[in-house]
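K.L.:
Sequence first, then the predicted structure, then my questions.
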Amino acid sequence: MKLVIIGNGIAGTTTARLVADMNAAIETDIYTDESYLYYPRPRLIDLVSGKIDAPAMPQYGDEWYQKRGIRVHTSSPVVKIQPQTHQVTLQDGSVIPYDRLVLANGASSFIPPFEGSSLDGVLALRSLDDALQLRERSQLARNTVILGGGLLGLDLAMALKTNCARVTVVEVLPRLLPRQLDEGGARMLTTMVTRRGVDVITSDSCERVCGESSAREIVLKSGRMLPADLVAVSAGVRPNLQLAQDAGIACNRGVLVDAHLQTSAPDIYAIGDVAEFNQRVWGIIPAALAQAKIAAAVVRGDLSGTYEDIVPSTTLKVTGIDLTSIGQVTPEGAGFGQVIQQDETAGVYKKLVIQNGIVVGAILLGDRLSIRLVNTLIEKQVDVTGYEDRLLDSGFKVEDIIR
């Protein structure tokens with residue numbers, strides 16, 4: 001059997017590894033438009049800040065792939081899928097047959113169509129080449145503006161702060177990390193970020209970037225003007241759908257898949273940032289890993305497992321700030337309770353969201369010790385009735401409830 005995987009990110013590479021572990025007889029080829037072997041995308045922040053260099057980015061060397069019989073074709077973008085003939089066409093005209101095809105071609109940075117978005121110095125971070133451009137540009141920049149106060153925007157702000165004198169984050173919504181934090185947590189995080197030398201502006205957005213050929217200044221919708229010789233856009237991503245759409249594969253916001261990650265086309269599967277399951281495109285590493293596990297089994301004929309949506313968990317890498325956000329942190333509707341502990345002096349904000357005696361969400365800012373406890377409570381759906389006020393106390397253990 002010949003397996004073709006489009007995309008060598010964490011979803012595609014993990015699928016290839018698991019297939020090789022399960023059945024070495026399957027012939028596996030990965031095609032990617034990038035010129036690099038797989039690298040963990042979160043490490044791009046370290047590349048931007050100068051903590052590591054490009055040669056250290058790939059997770060595995062050539063021998064790792066050779067040992068598993070995985071062939072990676074870098075700088076080999078697929079430009080066409082022919083589901084009827086079970087073939088894909090490469091940019092150089094080569095036609096490659098397949099028995100099973102996995103779409104793991106990810107997503108691309110979204111840059112809103114504001115005036116001046118094409119000027120030199122307006123950049124986004126998605127790939128290794130993007131990171132190298134940002135690092136080089138930041139070494140020359142005096143004023144950097146980050147458009148977007150989400151996870152990537154804040155990580156990027158701190159990374160660029162190592163090179164740039166002034167960094168400002170602009171978030172269109174009223175608070176930082178609107179998906180991961182409530183108002184109290186966001187307020188404390190904002191204080192922690194500004195203490196580290198990064199300015200924060202909320203409830204505002206970019207109207208236009210000014211400059212003749214290169215970014216020089218940014219004008220916000222409020223009318224406020226900021227000097228900016230580097231504008232880093234962190235406005236989310238969009239799944240790379242063109243290949244699937246051109247092949248007649250059903251898409252919505254992502255490539256539509258069922259519980260076996262099967263698309264509308266026979267023998268074609270989609271995973272990771274490009275896939276949409278149950279009306280969701282997660283775009284996070286835990287979902288990509290879970291989907292890769294199912295896809296690897298399915299392509300070799302094992303249909304015993306099905307994919308189920310995960311409880312989303314995200315972590316902030318900002319230097320000196322520990323933040324973990326899990327599950328429903330700002331639930332809407334009745335039936336939810338919450339437990340909050342905060343210490344502004346120590347920079348600690350902890351919150352649990354509880355529904356019917358079960359913890360369904362958590363915010364842990366400035367606290368790593370409670371992560372294991374909270375993960376266990378959520379994953380095992382432990383009934384915490386009667387223990388709510390003790391859950392966040394130092395030294396509390398899940399065994400205290402189970403006993």
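P.N.:
That came through fine. Residues are numbered from 1 along each chain as shown.

K.L.:
Would you state the helices of this structure in chain order?
P.N.:
10-22, 44-49, 62-68, 128-138, 151-161, 183-195, 242-246, 285-299, 371-379, 398-402 (DSSP state H).

K.L.:
Same list, the ones you listed, but as CSV with mean neighbour count, distance to residue 110 and mean pLDDT please.
P.N.:
All C-beta spots, glycine's among them, are computed from the backbone N, C-alpha and C. Shown next, in CSV, are those (neighbours: other C-beta atoms under 10 Å; distance: least, C-beta to C-beta, whole Å; pLDDT from 0 to 100):
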stretch, mean neighbour count, distance to residue 110, mean pLDDT
helix 10-22, 23, 19, 96
helix 44-49, 22, 17, 94
helix 62-68, 13, 32, 95
helix 128-138, 19, 13, 95
helix 151-161, 25, 12, 92
helix 183-195, 18, 22, 94
helix 242-246, 16, 15, 98
helix 285-299, 22, 19, 95
helix 371-379, 18, 30, 89
helix 398-402, 14, 40, 76
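
K.L.:
Among these, which comes closest to residue 117?
P.N.:
With respect to residue 117, and counting by C-beta to C-beta, the nearest of the helices of the chain is helix 128-138 at 15.2 Å.

K.L.:
What helices and strands are in contact with the closest one?
P.N.:
helix 44-49, strand 122-124, helix 151-161, strand 230-233 (3 or more C-beta pairs under 8 Å, 6 or more residues apart in numbering; DSSP states H and E).

K.L.:
if we can go back for a sec, rebuild the helices of the chain as TSV, extending it with distance to residue 276.
P.N.:
Conversion of these to TSV gives the following (distance: least, C-beta to C-beta, whole Å):
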stretch	distance to residue 276
helix 10-22	14
helix 44-49	25
helix 62-68	29
helix 128-138	24
helix 151-161	21
helix 183-195	28
helix 242-246	11
helix 285-299	11
helix 371-379	24
helix 398-402	34
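
K.L.:
Go through those and name the closest to residue 391.
P.N.:
Nearest of the helices of the chain (C-beta to C-beta): helix 371-379, 7.5 Å.

K.L.:
returning to what we had before: of all the helices of the chain, which one is nearest residue 232?
P.N.:
Nearest of the helices of the chain (C-beta to C-beta): helix 151-161, 5.6 Å.

K.L.:
what sits up against the closest one?
P.N.:
For helix 151-161, contacts defined as C-beta atoms under 8 Å, 6 or more residues apart in numbering pick out 45-46, 48-49, 125, 134, 138, 141, 144, 146-147, 167, 169, 171, 176-177, 180, 193, 196-198, 230, 232, 234, 314, 316-319.

K.L.:
The helices of the chain: which one's closest to residue 338?
P.N.:
Across the helices of the chain, closest to residue 338 is helix 183-195 (C-beta to C-beta), at 10.3 Å.

K.L.:
Sweet, I'm off.
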